[in-house]
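Asks: Please work out how this folds:
(4 chains)
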There are 2 protein chains.
Amino acid sequence: MPTTAADGSAPGPGGPTPRPAGPVTLQQVADLAGVSPATASRALHGSTGSRVVGEQLREKVLAAARELRYVSNAPAQALARSTTSLVGVVVHDVADPYFAAISAGAMGVAREHGLLVMLAATFRSPELELDYLARLRAQRARAVILSGSGFADRSYTSRLAAEVESYRADGGHVVTIGPHGIDTDSVNPANRAGAALAVRHLHGLGHRRFGVVSGPRSLTGVRDRLDGARRQLRSLDIALPPANIVDGGFARDEARGATRALFSRAPDVTAVVVLNDVMAAGVLAALRDDLGLRVPEQVSVVGFDDLPFAADLHPALTTVRLPLTEIGAQAMEMILTGPTIAPRAVAVDGELVVRGSTAHVRR
Amino acid sequence: MPTTAADGSAPGPGGPTPRPAGPVTLQQVADLAGVSPATASRALHGSTGSRVVGEQLREKVLAAARELRYVSNAPAQALARSTTSLVGVVVHDVADPYFAAISAGAMGVAREHGLLVMLAATFRSPELELDYLARLRAQRARAVILSGSGFADRSYTSRLAAEVESYRADGGHVVTIGPHGIDTDSVNPANRAGAALAVRHLHGLGHRRFGVVSGPRSLTGVRDRLDGARRQLRSLDIALPPANIVDGGFARDEARGATRALFSRAPDVTAVVVLNDVMAAGVLAALRDDLGLRVPEQVSVVGFDDLPFAADLHPALTTVRLPLTEIGAQAMEMILTGPTIAPRAVAVDGELVVRGSTAHVRR
DNA sequence: CCACATCGGGAAAGCGCTTTCCCAAAACGT
DNA sequence: ACGTTTTGGGAAAGCGCTTTCCCGATGTGG
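Replies: Residues are numbered from 1 along each chain as shown, chains lettered A, B, ... in the order given. As a prediction, the model looks like this:
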């Protein structure tokens, strides 16, 4: 019987794993293999450049580790190496398919490179975002991706900048997705251009009376989209009265209510641009079930993001596609290549996907 | 000017934060406050039971920490305390709304209790799940939630059991969602009963010729749902020929293709039960756009899960609702209460939500 | 007025790793 | 043949915290 006897909570001769209580330490592995902890460490994580452990001992160590089901203590390792393989991803809301897609992209890349991701959801609270950033910094996360757009608030922005600065001084790397008003690597979806695309599409179909279902204006991403739509409208000489802009709160049901409000104020609207797809679902529901307006015959609707369910809405949603998974992946890739001297900014284009929710104006 | 001069990369007299390079250590905070590290530690994380730090010093320490923007080194803390505030959540796929909802529930509870969650996506690979579990164990995560259902594979199950056992020996706690074939705390959605519910609903509407769009049978959750449907059908004396069961691969588009296959093999089917909502979206698309069959006039469809978009499908999907967010929250709560002597199992009921995709049989 | 708790602070010993040194043995050169 | 490099292993010094212990300075009761 080649396995050593070691201790025994299970004294029987058969048990292949005479595992001691509590976490197994490197020392125990070393003892079992009859080597020093130094050698055990090198055999298990031969990271020490040129230092090579002899084939013999190496095998013994690995066998010992396997037998004890050893996994190294990551915090201890982090302390000794002063580096971790953790990255943080902060989102507004995991259940929102927008963030789910971004996260999926980021996590895919993380996996390929052996990084563990800590996901934090802020539920759109700036306070919580700051708090999480500090905690991620405390964890010595290598990098963090701020994937929810920023908040349009001076105090917040400066606090964020300070926190990011501290983190960077600690050797951390932050990548933002969308506008955050701070000087970091970033990947920027074409919020303005995308919204303009939507407007031009509708204008091209003959629409002249527009409504917008917006999100909370405190979010810079929302502002940009709204701004993009507005500018494009202005340059086409179309009026967009403030009353025609309603806040759908980024939620389906809230958008549904907002849509009713919009049409009670401006019943002649024939084209509505919705600042994201989940709200668009609510808009479609309101039009169909609450207002009895037919899409696209009476009203055309275009969304934003092209979330997976967009094609399954009724009618299928015309929308501005953003390659969300790629965006997440790109952000993670920027992390892998490490920070550069000057912040990089990669721009990501949106693309109009025409489906069934838009048509020539008929009213 | 009350702030100390300390070092200075910015020698100007005004800079409020003369922060040294690299991460700030507790020692530096202690120095600045003129106390020992012991006191600084106690002042910042007064966890040491009765030990109280004098108001005076306490304030000084806090001020120093604030000034240096100190955050404690979590790995070092973890090492010293030999405990962390990390919990792992492993899912099959973050982008899948099913897991997104569960994660959201879990993360909400985690946040309330100051836990950081590490989210790992296995993309349905047993290998990866095992690997992540080991890594989470290495991180000394307090607990992990295995939220994807298990794999029906003996070798996998025994390896999982071993890994879980090791983890538990290290003081870890694991909670599973759905059947995993191992002896842990678990929250179990009513997969069998839910599927039976769907079948009874359709049967009650007069349907007698059933088809099932399943997922990969290697997943125990899928098996249970399928089994629930089968049993119910049998007890109603309805045949379900193997040819009427197709594998939709848990993906919308794959399910769409599978549906075409189903109807080419069994064109007389009037009721199809789909083992989850994302596949149901594909089924509806196939029926409507590929096969030209009208739902619910010619074919009735019921899904499973009641994901957020279910009500927005066309027609709105009749489905078996599972309170996913709650399920995630409950799992996290089991973690908070810590492991008990005997594993707990909480059962979660499904509930039929009748919408527009089912109707009396007419063919 | 002194023995004796009590309180609040610091010195120092870890926590489990990694990594620099240091050293013996083996390989090489001339 | 001997010096000189490699090679591969171990001893030990941290990494940045927490926490036990110890100790002087206050407060108590007899």
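Asks: Name the nearest residue to A:Thr325, sequence neighbours excluded.
Replies: A:Gly105 (3.8 Å; C-beta to C-beta, 6 or more residues apart in numbering or on different chains). Bear in mind the C-beta positions are built from the backbone N, C-alpha and C, glycine included.
Asks: And for A:Gly194?
Replies: Here the residue nearest A:Gly194, using C-beta to C-beta, 6+ apart, is A:Gly350, at 3.3 Å.
Asks: Over to A:Thr318?
Replies: Nearest non-adjacent residue to A:Thr318, counting by C-beta to C-beta, 6+ apart: A:Thr358, 4.3 Å away.
Asks: roughly how far apart are that neighbour and A:Ile335?
Replies: To A:Ile335, A:Thr358 is 38 Å away according to C-beta to C-beta, to the nearest Å.
Asks: what about the helices in the stretch 151-300 of chain A?
Replies: A:154-169, A:191-204, A:220-235, A:252-265, A:277-285 (DSSP state H, counting those that start in this stretch).
Asks: With distance to DNA strand D, mean neighbour count and mean pLDDT as extra columns, can I get the ones you listed in TSV?
Replies: Listed next are these as TSV, based on distance: least, C-beta to the nearest atom of the strand, whole Å; neighbours: other C-beta atoms under 10 Å in any protein chain shown; pLDDT from 0 to 100:
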stretch	distance to DNA strand D	mean neighbour count	mean pLDDT
helix A:154-169	13	17	94
helix A:191-204	39	22	98
helix A:220-235	33	20	97
helix A:252-265	42	19	97
helix A:277-285	41	27	98
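Asks: Show me which parts of stretch A:350-361 are buried, residue by residue.
Replies: Of all the residues in stretch A:350-361, those buried under the rule 16 or more other C-beta atoms under 10 Å in any protein chain shown are A:350, A:352-353, A:355, A:357-359, A:361.
Asks: what's the answer for stretch A:234-254, then?
Replies: So stretch A:234-254, judged by 16+ other C-beta under 10 Å, has buried residues A:238, A:240, A:244-252, A:254.
Asks: Those residues in strands, which ones?
Replies: Judged by DSSP state E, strands contain the following of these: A:245-247.
Asks: Turn those residues into a markdown table, including pLDDT.
Replies: A markdown table is the format used below for these (pLDDT from 0 to 100):
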| residue | pLDDT |
| --- | --- |
| A:Ile245 | 98 |
| A:Val246 | 98 |
| A:Asp247 | 97 |
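Asks: quick check, A:Val301 in a helix?
Replies: No - going by DSSP: H, G, I helix; E, B strand; the rest coil, the assignment for A:Val301 is strand, not a helix.
Asks: Can you tell me who it pairs with across the strands?
Replies: A:Val272 (DSSP bridges).
Asks: what about it, distance to DNA strand C?
Replies: A:Val301 sits 56 Å away from DNA strand C, going by C-beta to the nearest atom of the strand, to the nearest Å.
Asks: Also A:His201?
Replies: Applying C-beta to the nearest atom of the strand, the value for A:His201 to DNA strand C is 56 Å.
Asks: so what's the closest residue to that residue other than its chain neighbours up against?
Replies: Nearest non-adjacent residue to A:His201, counting by C-beta to C-beta, 6+ apart: A:Leu352, 5.6 Å away. Contacts for A:Leu352 (C-beta atoms under 8 Å, 6 or more residues apart in numbering or on different chains) come out as A:197-198, A:201, A:302, A:318-321.
Asks: so A:Leu352 sits in a strand?
Replies: Yes - using three-state DSSP, the assignment for A:Leu352 is a strand.
Asks: Do I have it right that A:Ala329 meets A:Met107?
Replies: No - here A:Ala329 lies out of contact with A:Met107, judged by C-beta atoms under 8 Å, at a distance of 9.2 Å.
Asks: of the two, who's got more company?
Replies: A:Met107 (27 against 21; other C-beta atoms under 10 Å in any protein chain shown).
Asks: what about the more buried one, distance to chain B?
Replies: Distance from A:Met107 to chain B, counting by C-beta to the nearest C-beta, to the nearest Å: 5 Å.
Asks: Would you enumerate the residues in contact with that residue?
Replies: Here A:Met107 is in contact with A:89, A:117, A:328, A:332, B:94, B:119-121 (C-beta under 8 Å, 6+ apart).
Asks: go again using 7 Å as the cut-off
Replies: If you count contacts by C-beta atoms under 7 Å, 6 or more residues apart in numbering or on different chains, A:Met107 has them with A:117, B:94, B:121.
Asks: tell me which element it falls in.
Replies: Assigned by DSSP states H and E, A:Met107 belongs to helix A:97-112.
Asks: In which helix or strand does the residue nearest to A:Leu62 when sequence neighbours are not counted reside?
Replies: Counting by C-beta to C-beta, 6+ apart, A:Leu62 lies nearest to A:Ala43, which is 6.6 Å off, once chain neighbours are set aside. Using DSSP H and E, A:Ala43 falls within helix A:37-45.
Asks: elements contacting whichever helix or strand comes after that helix?
Replies: Next along the chain after helix A:37-45, taking DSSP H and E as the criterion, comes helix A:55-68. Under the contact definition 3 or more C-beta pairs under 7 Å, 6 or more residues apart in numbering or on different chains; DSSP states H and E, helix A:55-68 sits against helix A:26-33, helix A:37-45.
Asks: residues in the stretch 1-150 of chain A within reach of DNA strand C, list them.
Replies: For the stretch 1-150 of chain A, the residues in contact with DNA strand C (C-beta under 7 Å from any atom of the strand) are A:22-27, A:37-38, A:41-42, A:44-45, A:47-48, A:51, A:70, A:72-73, A:76-77, A:79-81.
Asks: go with 6 Å
Replies: Contact residues (C-beta under 6 Å from any atom of the strand) of the stretch 1-150 of chain A with DNA strand C: A:25-27, A:37-38, A:41-42, A:45, A:47-48, A:72-73, A:76-77, A:79-81.
Asks: ok, and which of these reach chain B?
Replies: For chain B, the contacts drawn from these by C-beta under 7 Å from any C-beta of the partner chain are A:72-73, A:76, A:79.
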